[in-house]
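**Q** Build me a structure from this.
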Amino acid sequence: MEEFPDTLYWDNAMKVSILVPVYNERTLVERSLEAVINAPLPENLEREVVLVDDCSTDGTSNILQDLAKRWPQISLYRHEVNQGKGAAVRTAIQKATGDFCLIQDADLEYDPNDYPQLLKPLLDGRADAVFGSRYMAGEQKRVLPFWHSRMNSTLTMFSNMFCNLDLTDMETCYKVFRTDLLKSIPIRSNRFGIEPEITMKCAKRKLRIYEVPISYHGRTYEEGKKIGWRDGVKALGCILYFWLVDDLYVEPYGKEYLNNLNGTPAYVQWITSLLRPYLGDRVLEVGAGIGTMTGRLMGRRLEYVACENAPLYYDSLKNRFLRTPHVRVRQLTPDKNSDYQELREFDTAICLNILEYVSDPGAVLANLHGSIKPGGRLLLLVPQGKGLMGSLDRKMGVKRRFASREMKEMLVAKGFEVEQVHQMNKISKLVWFLNSKVLGADHISKLSLKLFDKTVWLWRAVDKVLPFDGLSAIYVARKKE
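**A** Have a look, this model is predicted:
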């Protein structure tokens, strides 16, 4: 079994991208950026400063151009129309080239000397994101007006209620991320709604978030503070909106069904309840995605190997199970035989929603057959009904749907005996047909998914009495002795 070190400081130099949105800060921006350029960083960590001038009109633009010429670490971009902090951060994320991204305001409220403690949980491999808290025991904090502080604490409380997190400072500017994760999160808010939006999406994607205390030197409104009570009201709206809407992945990063599974916990529980009785002590899961099923199935297994090919999901798996000793994470292409050479003698292999995406389903089954010991089980989840193949499938990259007889014959041809077939989600066949074949829809409504998930208990009961095959099916097959 692979050993993971307690600390993950890299031998090769890495880079942190410091993202700085700027708007009308001519009196402070030079001193602020000088502090950013000279701030201490952990060993072997380089810096780039990605400045986005959000159409400043007070002379800040000229100052930024001079600073970009003075310091080669600065990359400067400009919005031709003022859009807001969220839009500026979104542009900066697109331009970032570092391994980590740290969001920094262009005023002097936050102290760049806190960079080492903000980055440490990420460098140690413990965190996917780190929030700097102004309300933990930092070195120093300026005392601010009572009602402004209460607004921040109230917004944090409401955010925690809907996110199911226990943050002390959701509205903090200092948020640090692994860049690959941050680039995969769509940011829709143009103004200060970026803070509750990104917090909600981190929570829904189950990122490992750490908080560290930071120093804070807040400004008053007379000194140039821009956020006001109207932004607080809008932030409440953002919390509710992004609680309802599961907009979690930028398009190039998304296996759409992973996004859907993440927002349907009752449906996931339905699947895992059918799989769990067949699991042995040593389990191999191919196409584990972000670990949605892995986290529910690993249980008390002696060994659980979760495999994924997509780099973003592979990294997410590694970080999610970094300190789970009986779970190993491997990079594996399901239909590539050489990737299975060291994966042998498993009691159970799990392959959920994989065969419909690959070019050669038979090759995947053959590889899994070789990884299971004689008498071991293969658990498959596949979409059914060739006549249902339509716009929704094509949008998600699905190459095929399976007929029940075809799937059984394929399993027998690869050396398996089919023990059990669980037909699932029969009630959704009509809805799928209407959306995919008649209406030509290219996505599943998030509201529909939530309503479906809240009524899964009913559809599970209905499945038992309906006489036809399901929209999906779980095949339990045993490797012949």
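**Q** Please tell me how far residue 73 sits from residue 17.
**A** 10 Å (C-beta to C-beta, to the nearest Å). Backbone N, C-alpha and C define where each C-beta goes, glycine included.
**Q** Can you pull the residues that touch both of those two?
**A** 47, 48, 49 (C-beta atoms under 8 Å, 6 or more residues apart in numbering).
**Q** Just put the residues you listed in JSON lines and tack on distance to residue 129.
**A** Shown next, in JSON lines, are those (distance: C-beta to C-beta, whole Å):
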{"residue": "47", "distance to residue 129": "19"}
{"residue": "48", "distance to residue 129": "19"}
{"residue": "49", "distance to residue 129": "20"}
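**Q** May I ask which of those has the most neighbours?
**A** residue 49 (23 neighbours; other C-beta atoms under 10 Å).
**Q** Help me confirm that that residue is found in a helix?
**A** No - assessed with DSSP: H, G, I helix; E, B strand; the rest coil, residue 49 is strand; it does not lie in a helix.
**Q** is it true that it touches residue 21?
**A** No - look at residue 49 against residue 21 with C-beta atoms under 8 Å: they stay out of range, at 11.9 Å.
**Q** Need the mean per-residue confidence for stretch 56-68.
**A** In this model, stretch 56-68 has a mean pLDDT of 94.
**Q** Tell me the buried residues in it?
**A** For stretch 56-68, burial by neighbour count (16 or more other C-beta atoms under 10 Å) applies to 56, 60, 61, 63, 64, 67, 68.
**Q** And for the one helix or strand the fifth one maps to, what's in contact with it?
**A** Per DSSP states H and E, residue 64 falls inside helix 60-70. The set of residues that contact helix 60-70 without belonging to it, under C-beta under 8 Å, 6+ apart, is 22-26, 29-30, 33, 51, 53, 56, 74-76, 78.
**Q** make it 6 Å
**A** 24, 25, 26, 29, 30, 33, 51, 53, 74, 76 (C-beta atoms under 6 Å, 6 or more residues apart in numbering).
**Q** where does the stretch 251-400 of the chain have low pLDDT?
**A** 251-263 (pLDDT under 70).
**Q** can you give me the strands in it?
**A** Assigned by DSSP state E, counting those that start in this stretch, the strands in the stretch 251-400 of the chain fall at 282-286, 303-308, 327-331, 346-352, 372-383.
**Q** my guess is residue 418 is in a helix, correct?
**A** No - using three-state DSSP, the assignment for residue 418 is strand, not a helix.
**Q** do you know how far it is from residue 329?
**A** With C-beta to C-beta as the criterion, residue 418 and residue 329 are 30 Å apart.
**Q** got it, and residue 157?
**A** In terms of C-beta to C-beta, residue 157 sits 36 Å off from residue 329.
**Q** quick revisit: farthest-separated two in the contacts of helix 60-70?
**A** Maximum pairwise distance among the contacts of helix 60-70 (C-beta to C-beta): 18.6 Å, between 24 and 74.
**Q** Could you check what's spatially nearest to the spatially most central residue of the chain, not counting adjacent residues?
**A** Among the residues of the chain, the one closest to the centroid is residue 205, at 4.3 Å (C-alpha atoms, centre = their mean). Of all residues not flanking residue 205 in the chain, residue 248 sits nearest, at 5.6 Å (C-beta to C-beta, 6 or more residues apart in numbering).
**Q** that older thread, which ones among the contacts of helix 60-70 are found in helices?
**A** 29, 30, 33 (DSSP state H).
**Q** Please read off the pLDDT at the second one from the model.
**A** Confidence per residue is given as pLDDT, and for residue 30 that number is 94.
**Q** and residue 234, how far is that from residue 165?
**A** Residue 234 is 20 Å from residue 165, by C-beta to C-beta.
**Q** Equivalent analysis for residue 337, please.
**A** In terms of C-beta to C-beta, residue 337 sits 43 Å off from residue 165.
**Q** Settle it for me: which of those two has more neighbours?
**A** Neighbour count, other C-beta under 10 Å: between residue 337 and residue 165, residue 165 has more, with 17 against 12.
**Q** Which parts of the stretch 251-400 of the chain are helices?
**A** 256-262, 265-275, 294-297, 311-320, 361-371, 391-395 (DSSP state H, counting those that start in this stretch).
**Q** Kindly export the fourth one (C-alpha atoms) in PDB.
**A** Taking only C-alpha atoms (Å, rounded to 0.1, in the frame of the first residue of the first chain), the coordinates of helix 311-320 have been written out as PDB:
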ATOM      1  CA  PRO A 311      -6.300  15.000 -13.900                       C
ATOM      2  CA  LEU A 312      -8.700  17.300 -12.000                       C
ATOM      3  CA  TYR A 313     -10.700  14.400 -10.400                       C
ATOM      4  CA  TYR A 314      -7.500  12.300  -9.800                       C
ATOM      5  CA  ASP A 315      -6.100  15.200  -7.800                       C
ATOM      6  CA  SER A 316      -9.300  15.700  -5.900                       C
ATOM      7  CA  LEU A 317      -9.400  12.000  -5.000                       C
ATOM      8  CA  LYS A 318      -5.800  12.100  -3.800                       C
ATOM      9  CA  ASN A 319      -6.400  15.000  -1.600                       C
ATOM     10  CA  ARG A 320      -9.800  13.800  -0.300                       C
END
